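Trainee: Sequence and predicted model, in that order:
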Amino acid sequence: MSTHVNSPYMINTLFTLGENIKKYRLALDLSQEELADKCGFDRTYISMLERGKRNPSLINLIRLAEGLGINIAKLTHGCENGFKPRK
């Protein structure tokens with residue numbers, strides 16, 4: 001299994017992470033800018049994460065999870081299945 005950043009595995013993993021970020025952000029009724037402010041990021045970074053266009057560091061995942069009031073396991077739920085075809 002390839003784990004190169006452009007491999008289908010990595011792309012699907014980052015897309016799943018982005019969906020999770022958006023799901024929990026919307027559940028809190030936060031805008032991308034509000035979440036970015038809570039986490040100390042720029043709004044464009046949140047936008048890129050939600051579209052699966054950025055590969056966040058562990059420290060940034062921790063900051064995101066704290067900003068969303070969840071743990072990293074919840075934030076990354078389903079990312080391990082990134083190689084499965086998307087429906």
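Mentor: That came in fine, so what should we check first? Numbering: from 1, shown residues only.
Trainee: Any idea how many residues pack against residue 20?
Mentor: 21 (other Cβ atoms under 10 Å). C-beta: built from backbone N, CA, C; applies to glycine.
Trainee: I'd say it and residue 78 touch.
Mentor: Yes: Residue 20 lies in contact with residue 78 (Cβ atoms under 8 Å); the separation is 7.0 Å.
Trainee: how about the longest helix anywhere in the chain: buried residues?
Mentor: The longest helix of the chain (DSSP state H) is helix 8-27. The neighbour-count check on helix 8-27 (16 or more other Cβ atoms under 10 Å) flags 9-10, 12-18, 20-22, 24-25 as buried.
Trainee: which residues touch residue 41?
Mentor: By Cβ atoms under 8 Å, 6 or more residues apart in numbering, the residues touching residue 41 are 35, 60, 63.
Trainee: between those residues, which is nearest residue 69?
Mentor: Among the contacts of residue 41, residue 35 lies closest to residue 69 (Cβ to Cβ), at 10.9 Å.
Trainee: Find the helix or strand that the closest one is a member of.
Mentor: helix 32-39 (DSSP states H and E).
Trainee: Now do the buried residues in that helix.
Mentor: 32, 35-36, 38-39.
Trainee: where does the protein have its least confident helix or strand?
Mentor: Sorting the helices and strands of the chain by mean pLDDT, DSSP states H and E puts helix 8-27 at the bottom, at a mean of 93.
Trainee: next one: that helix to chain centre, how far?
Mentor: 5 Å (Cα atoms, centre = their mean, to the nearest Å).
Trainee: tell me what it is packed against?
Mentor: If you count contacts as 3 or more Cβ pairs under 8 Å, 6 or more residues apart in numbering; DSSP states H and E, helix 8-27 packs onto helix 32-39, helix 43-50, helix 58-68, helix 72-75.
Trainee: can you list those in TSV and add mean pLDDT?
Mentor: Below are the helices and strands packed on helix 8-27 laid out as TSV (pLDDT from 0 to 100):
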stretch	mean pLDDT
helix 32-39	98
helix 43-50	98
helix 58-68	97
helix 72-75	96
